[in-house]
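Chemist: Dropping the sequence and predicted coords here.
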Amino acid sequence: MADRRSGWSIGVPIVAAIAGLMFATSAGAARGSDLRGSGVEDLPDVIRTQTRLVETKALRTEQLRADVEAQTAALASADPQIAQQTARAATWGAAAGTEPVSGPAVTVALTDANTGGRIPPGYTVDDVVVHQQDVQAVVNALWAAGAEAMTIQDQRVVATSAVRCVGNTLILQGRVYSPPYVITAIGDPQRLLAGLEADPTVANYRRYVDLVGLGYRVTQPGTVSMPGFTAGVSPRFARADG
C-alpha cells in the first residue's frame, strides 16, 4: 500500500500540470490571435515591392555591365590577347542572344477569356485563363520553327529562359506581368506561322479559343528590333565550337 500511495502522490501533480497547460492553451486559442498584423503585407503589395526591387537591381546590373565593357575595350586596345578574346566573345554573343538583333517577325498574343464573370457550362475557371503551358507551347513552337530571337512582354529571352505562371500572372526574370501575354519572334515569318499551325499543343489551345473564348491573335509587325539578353545564363552543359 505504501508503494501505491507513493506512485499516486507523484502522478497527481503531473496530471494536474498537464491539464493546466491544456486549459491555458485552449483559452489562448479561444481568444484567437492576429495572423494578419499590420507588419504583414498582402500578396499584391509583396509583388509590387519585389518588382520595384528587381527593376532597381536590373538597372544597376546594366550600369555595371557597361562599365565592364568599357574597361575591357580600353584594355583590348593595348593587349592583343584581350582583343582576340573580345572578338571571339562577340561572335558567340549573337548565338547566345546577348547582342541586339532586328528582322522580320511574328507576334502572338494570348489573353484570358472575357466571360463577364460567367463560366460557360461544363467548364471551370482553369479553362478560361492562359496557363504557363500555353505560353510555353507558343514559345517552343516558335523556337522549333527556326526563331532567331524572341521577346516575351518586350523582354529578350533565350532558349534557357524559364516561363513561370502563378495564378493568372506571368513571372519572367523576376518581373510580374498580367495578360495579354505577347510573344514576338524574329525569323522567317512563313516558317514561324507554319510552326504555330503544326504544333499540337498550340492547336489544343486554339480549340479552347473556339470553345470558351480564350484570346489568340497572330500578327506580322514587319521588321522589329530586340535588345540583347541581359539576365544570367547558367547552362549545365556547354561547348565552344571553333
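Modeler: Received it, and whenever you're ready, just let me know what you need.
Chemist: Just the strands from the protein, written as ranges.
Modeler: 101-111, 149-152, 155-157, 164-166, 169-172, 175-177, 181-186, 215-226 (DSSP state E).
Chemist: Is it possible to get a markdown table of those that adds distance to Ser77?
Modeler: (Glycine included, C-beta is placed from N, CA and C.) Rendered in a markdown table, the data for the strands of the chain read as follows (distance: least, CB to CB, whole Å):
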| stretch | distance to Ser77 |
| --- | --- |
| strand 101-111 | 26 |
| strand 149-152 | 30 |
| strand 155-157 | 29 |
| strand 164-166 | 43 |
| strand 169-172 | 37 |
| strand 175-177 | 37 |
| strand 181-186 | 33 |
| strand 215-226 | 29 |
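Chemist: Reformat those into a markdown table and put distance to Gly195, mean neighbour count and mean pLDDT next to each item.
Modeler: Shown next, in a markdown table, are those (distance: least, CB to CB, whole Å; neighbours: other CB atoms under 10 Å; pLDDT from 0 to 100):
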| stretch | distance to Gly195 | mean neighbour count | mean pLDDT |
| --- | --- | --- | --- |
| strand 101-111 | 9 | 19 | 97 |
| strand 149-152 | 12 | 22 | 96 |
| strand 155-157 | 17 | 21 | 93 |
| strand 164-166 | 22 | 14 | 82 |
| strand 169-172 | 22 | 18 | 86 |
| strand 175-177 | 24 | 16 | 86 |
| strand 181-186 | 9 | 23 | 97 |
| strand 215-226 | 11 | 14 | 97 |
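Chemist: Which one of those strands lies nearest to Ala194?
Modeler: The closest of the strands of the chain to Ala194 is strand 101-111. By CB to CB, the value is 10.4 Å.
Chemist: Run through the neighbouring helices and strands of the closest one.
Modeler: Secondary-structure packing of strand 101-111 (3 or more CB pairs under 8 Å, 6 or more residues apart in numbering; DSSP states H and E): helix 132-144, strand 181-186, helix 189-198, strand 215-226.
Chemist: Scan the helices and strands of the protein for the one with the lowest mean pLDDT.
Modeler: Lowest on mean pLDDT, DSSP states H and E among the helices and strands of the chain sits helix 2-31, with a mean of 50.
Chemist: Leu64: which of the strands of the chain is closest?
Modeler: strand 155-157 (18.1 Å).
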